[in-house]
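# give me a model of this one.
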Amino acid sequence: MSAQDESLDTWVDVEDALPWLPTEPYFIAQERHGRLLETLPGSGLSVLEIDLVHARQESDLQAALGHALDKPAHYADNWDALRDLLKERGASTPWAIAIVFTSAPAFLRADVHGFVRAVSVLHNMSRELSNIDEFYGQLELFYVGEWLSAH
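Predicted coordinates for the structure are as follows:
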């Protein structure tokens, strides 16, 4: 079986597991946080929960990600180092990770540009690392909080 076939066999369709999800990026209402955490572990994804209540800038989120991923000391807290860390770990054994960012609106209120940039960079990184042609793993991102709705 090729690595490509193996990755297809282990891929978790989060939208199938959680049919109530909005389209990506996944901004989850606070009241669905518990449901999200009940469902994700049984889906085959390892769940990392990162509280952004004290995140005031992009570097705070990067440091929290590094801590949650148990990064070695030689990796800096920046996007390139995070990408390299995930590539290195996925080169031998592909990973399947769901990162659940709680209190995400606190970071948004503190630094709109930093929050939007982090969501964009992480979304692009998850697509890059989850590319079937050069597969390192599956990275799914969830931002939980009290989001304003236009409805």
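
# show me the helices in the chain, by range?
Taking DSSP state H as the criterion, the chain contains helices spanning 3-10, 14-17, 33-43, 58-68, 79-92, 104-110, 112-129.

# out of the ones you listed, which is closest to Phe142?
helix 33-43 (6.2 Å; C-beta to C-beta). For glycine as for every other residue, the C-beta is placed from the backbone atoms N, C-alpha and C.

# so what does the closest one touch, helix or strand wise?
Packed against helix 33-43 by the contact rule (3 or more C-beta pairs under 8 Å, 6 or more residues apart in numbering; DSSP states H and E) you find helix 14-17, strand 46-51, strand 95-102, strand 137-145.

# partners of the second one in the sheet?
If I follow you right, that is strand 46-51. Using DSSP bridges, strand 46-51 pairs in its sheet with strand 95-102 (parallel).

# near Pro105, how many other residues are there?
Neighbourhood size, Pro105 [other C-beta atoms under 10 Å]: 19.

# show me what contacts it?
By C-beta atoms under 8 Å, 6 or more residues apart in numbering, the contact list for Pro105 reads Gly145, Glu146, Trp147.

# and those residues, which of them are buried?
Applying 16 or more other C-beta atoms under 10 Å to the contacts of Pro105, the neighbour count classes Gly145 as buried.

# turn the contacts of Pro105 into JSON lines, including pLDDT and distance to Tyr26.
Compiled in JSON lines, the contacts of Pro105 are given as follows (pLDDT from 0 to 100; distance: C-beta to C-beta, whole Å):
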{"residue": "Gly145", "pLDDT": "96", "distance to Tyr26": "12"}
{"residue": "Glu146", "pLDDT": "93", "distance to Tyr26": "15"}
{"residue": "Trp147", "pLDDT": "91", "distance to Tyr26": "11"}
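
# out of the contacts of Pro105, the closest to His54 would be?
Nearest to His54 out of the contacts of Pro105 is Gly145 (C-beta to C-beta; 14.1 Å).

# who does the closest one form a beta bridge with?
When assigned by DSSP bridges, Gly145 has beta-bridge partners Ala29.

# and it, how far from Ala104?
With distances taken as C-beta to C-beta, to the nearest Å, Gly145 is found 4 Å from Ala104.
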